[in-house]
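>>> okay, sequence plus prediction incoming.
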Amino acid sequence: DAKTTQPNSMESNEEEPVHLPCNHSTISGTDYIHWYRQLPSQGPEYVIHGLTSNVNNRMASLAIAEDRKSSTLILHRATLRDAAVYYCILRVPVAAGNKLTFGGGTRVLVKP
Amino acid sequence: DAGVTQSPTHLIKTRGQQVTLRCSPKSGHDTVSWYQQALGQGPQFIFQYYEEEERQRGNFPDRFSGHQYPNYSSELNVNALLLGDSALYLCASSWGDRDGMNTEAFFGQGTRLTVV
């Protein structure tokens, strides 16, 4: 399985942007980059995904490097509710199982 | 839309017993995946069901088995429980189309299994 590498933890102040990096140097041309987050005592929650171009939605933005070997999840204005573990995942084609392979994730702490 | 629902929410079993966990996928989803999450770790893929068949399996022993019904709901069965099976068991549903990697998965709240 293609692997991702993320920092163990990051801290941010409330209402400031948060940039979460992810390295995926072994990504293949058909792998999608997905981000999920898991709030305390809850199941993982989808955040955003992309293939090559940068993506924006109501929750966050995803910036993908031109060579696709890294990406950055951007939370534009962190709130206390954004405190969670964020997982960067490469989603492989259906023929390879279409599963989500979670790593350790980045624990985000938001300070008031 | 109720989203993904799992039952029960909590369960305590004795070592050696058998357990069945249940999952109802989000409306319109036909693919169900099961994950095991030990305390402090990321979820680990157990297996995925599509069209009532196991499509792929993670690195879990045969004690872990599953089933998918025609209405797409699913069960996870674990036999001969070990203390190490204590974990949060998560169910995720999604579309099983060929481009499934371009779709999001929806997770349930999980079943917390404690083996004593």
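Yep, it's here.

>>> for the spatially most central residue of chain B, which residues make a bridge with it?
Central residue of chain B (Cα atoms, centre = their mean): residue B:34, 2.7 Å from the mean position. Per DSSP bridges, residues listed as beta-bridge partners of residue B:34: residue B:47, residue B:91.

>>> ok, it touching residue B:93?
No: the pair residue B:34 / residue B:93 is not scored as a contact, 10.6 Å apart, by Cβ atoms under 8 Å. C-beta coordinates here come from the backbone N, C-alpha and C atoms, glycine included.

>>> sorry, back to before: got the contact list for the residue nearest to the centre of chain B?
B:23, B:45, B:46, B:47, B:48, B:66, B:74, B:76, B:89, B:90, B:91, B:92 (Cβ atoms under 8 Å, 6 or more residues apart in numbering or on different chains).

>>> tell me how far the nearest residue to residue A:111 once chain neighbours are set aside lies from residue A:75.
Leaving out its chain neighbours, the residue that sits closest to residue A:111 by Cβ to Cβ, 6 or more residues apart in numbering or on different chains is residue A:13, at 5.3 Å. Note on residue A:13: its distance to residue A:75, by Cβ to Cβ, to the nearest Å, is 12 Å.

>>> interface residues of chain A facing chain B?
Residues of chain A lying near chain B by Cβ under 8 Å from any Cβ of the partner chain: A:30-32, A:34, A:36, A:42-46, A:49, A:51, A:85, A:87, A:91-94, A:96-105.

>>> in strands, which of the residues you listed appear?
Of these, the ones assigned to strands by DSSP state E are A:32, A:34, A:36, A:45, A:46, A:49, A:85, A:87, A:91.

>>> from these, which two are the most distant?
Spatially, the most separated pair among those is A:32 and A:85, at 20.2 Å (Cβ to Cβ).

>>> before we move on, back to that, the residue nearest to residue A:111 and residue A:110, how far apart?
Residue A:13 is 7 Å from residue A:110, by Cβ to Cβ.

>>> how about residue A:10?
Distance, residue A:10 to residue A:110, using Cβ to Cβ: 10 Å.
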